[in-house]
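Undergrad: need a 3D model of the following:
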Amino acid sequence: MTDRTRTDALLLAGFCAFLFFYGLGQFGLIGADEPRYAQVAREMLQRHDGITPVLYGKSWLEKPPLYYWQAMIAYSIFGVSDWAARLPSGLDASLMVLAIYAFLRRFRPGSELDGALITASSAGIIGYARAASMDMALTALFTGAMLAWWAWRERGKKIYLALFYGCTALGMLAKGPVAPFLAGAVIVVYAAAVKQFRWILKTLWLPGVLLFTAIALPWYVAVQMVNPEFFHAFIIEHNLDRFSTNLYHHPEPLWYYLPVTALALLPWTVFVAAAVVQGIRLQRSERESDAPAQNDLENQFVLFACCWLIAPVIFFSISQSKLPGYILPGIPAGALLLADYLRRRWTQRESQSPAKWLVVLHSLLAAAPIVPALLIGYAVTQHRLPGGRPMIVALAVAFVLCAGVAVTLVRQSGLRMLRFVTLIPVVLSVGAVLKLGSLSIDQTLSARPLAEEIASIQNHPLPLAVYHVKRELEYGLSFYRNQLTIDYDWGKVPPQEHLLVAPENSLAEVAKLVAGRRVSYVGHYAAQHLDYFWVAASEQTGATH
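TA: Take a look at the predicted model:
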């Protein structure tokens, strides 16, 4: 191992460890999906069943099993916990970063460290690498598939095409048919852009199709045999209906993914946009020259990466159901475009100092996240950023960072320092969120502190019910207590003695819902404006009140 390789390995290990794993359990699972997915993996492990995803003892067929399998392994090694539930995403993100490094080192030497670190430090990658969800697994495998396809396109070795099919098949197990569909869409768009449709037919390689089938199909056949409703629930409802209708209530405007993509690429958005513009200019200049574009693989790779970045945005913009994570598979393409952009400026001896307006805009966007990061406690507890001294301090820090980035980049060696100076605000922002915001996030957005508080006052575990609370809290309580939380809003009032979590000052309303049963106030959870009560058993159970 050369000194440079050793240095690169240490840098990648250090940044991945900090950005993806450090403080992974400092706040509990948040949102509805994290605790729900984590609980499915736990129940599959408890049942020793790797085929049927199960939630609260019933089949839950919304998603394929790859994340659950990964989480089951993590639970088996480290025990069931929120950080163990998030561990698979961090590992997937790290493998993706290493794959990008290896690809660039082999096919675009000189840009490998830039591409890997730009990918690792993009906001969307950091966020989903620290979440218990399927999005990071799909993104890592889709990235592997796209890199393998281009390696085959450039070198012609079938092993790369086999790797493309293998990664796509695993992507099918990560999040379903979207993996092969998106892969096909990128290849078709690229083939159309270079007017070489033969690449579509060449990609349809029979041994690769058989490999895809051998990896992806067994689970789909097995789960269908055990659960006859699987095809309708998964394919029809959670894929076709989710795309074509607003069945799951995630409507957003057509342009929704433009700002989402820009935010996911932070702090690199400005120079990624510059790289896209350069790619368009390269294609235009080659069309006007005698040399056909298809003879220049380097320029075609830029076009391929543009197709990879844009195809998911266009596809999911058409969808009637939109969530931020849907376009995550396209984000690594932005990092590859920027890495290629930087490499070209160095190898072609172009001016190293970029346009001043690009520097100013990049510096502003790179430094801006430090403001909400420093004020994250106010944001999650008060749902706004404060004025006064806290804001002045945060803005002052952002100004110093912005000025430092700008001054460095306008020097003659500016772009060679782009990676270094931009990573500084990234590290500071992530550190600020974990150091200053973990407690507030945990208390305000997670069910973990409430579940621990309830457990501390119980002599023996009681059934738990909720009334008029967010579903995020309901799923979170179910995970941390490892039991089904019953929802009064669905008309399900347990006849036995139980605890009830409801909005604060709702004792009178609760008493009406369980008329004739004794209700006692137990405690108050101020961070989420909740009260919890003891509700006696109904007379029909034969218990005393």
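Undergrad: would you mark the buried spots in stretch 418-431?
TA: Applying a neighbour-count criterion of 16 or more other CB atoms under 10 Å, one finds 418, 419, 421, 422, 423, 424, 425, 426, 428, 429, 430 buried in stretch 418-431. In this view, the C-beta of every residue, glycine as well, is placed from N, C-alpha and C.
Undergrad: mind listing what the third one touches?
TA: Listed by CB atoms under 8 Å, 6 or more residues apart in numbering, the contact set of residue 421 reads 366, 404, 405, 408, 409.
Undergrad: in which helix or strand does it reside?
TA: helix 418-432 (DSSP states H and E).
Undergrad: let's verify residue 486: helix, strand, or coil?
TA: Under DSSP: H, G, I helix; E, B strand; the rest coil, the three-state class of residue 486 is strand.
Undergrad: if I look at the most centrally placed residue in the chain, how far off is residue 92?
TA: Closest to where the C-alpha atoms of the chain average out (CA atoms, centre = their mean) is residue 128, at 2.6 Å. According to CB to CB, to the nearest Å, residue 128 and residue 92 sit 9 Å apart.
Undergrad: so, low pLDDT: which residues of the protein?
TA: 1, 241-250, 285-295, 347-353, 412-414, 540-545 (pLDDT under 70).
Undergrad: swap the cut-off to 80 and go again
TA: Filtered on pLDDT under 80, the chain yields the residue ranges 1-3, 237-252, 281-298, 320-321, 345-355, 411-416, 458-460, 539-545.
Undergrad: scan it for its longest helix.
TA: Among the segments of the chain that qualify as a helix by DSSP state H, the longest is helix 82-107.
Undergrad: give the buried residues for it.
TA: Buried residues in helix 82-107 (16+ other CB under 10 Å): 82-101, 103-105, 107.
Undergrad: give me the angle between the following helix or strand past that helix and helix 82-107.
TA: Next along the chain after helix 82-107, taking DSSP H and E as the criterion, comes helix 112-120. Here the directions of helix 112-120 and helix 82-107 differ by 150 degrees (axes from the mean of the first three to the mean of the last three CA atoms, to 10 degrees).
Undergrad: so what does helix 112-120 touch, helix or strand wise?
TA: If contacts are counted by 3 or more CB pairs under 8 Å, 6 or more residues apart in numbering; DSSP states H and E, helix 112-120 sits against helix 3-16, helix 82-107, helix 331-347, helix 418-432.
Undergrad: what packs against the longest one?
TA: If you count contacts as 3+ CB pairs under 8 Å, 6+ apart, helix 82-107 packs onto helix 3-16, helix 33-47, helix 66-78, helix 112-120, helix 123-129, helix 135-155, helix 331-347.
Undergrad: now those helices as TSV including distance to residue 474?
TA: Listed next are the helices and strands packed on helix 82-107 as TSV, based on distance: least, CB to CB, whole Å:
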stretch	distance to residue 474
helix 3-16	34
helix 33-47	9
helix 66-78	20
helix 112-120	34
helix 123-129	23
helix 135-155	22
helix 331-347	31
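Undergrad: give me phi/psi at residue 81?
TA: phi -160, psi 170 (degrees, to the nearest 10).
Undergrad: just residue 58 next, same as before
TA: phi -120, psi 150.
Undergrad: that one: neighbouring residues, count only.
TA: Look at residue 58: counted by other CB atoms under 10 Å, it has 11 neighbours.
Undergrad: and stretch 21-32, which residues are buried?
TA: Buried-residue list, stretch 21-32, by 16+ other CB under 10 Å: 21, 24, 25, 26, 27, 28, 29, 30, 31.
Undergrad: surely the last one meets residue 470?
TA: Same thing as residue 31. No. Assessed by CB atoms under 8 Å, residue 31 is found out of contact with residue 470, at 9.8 Å.
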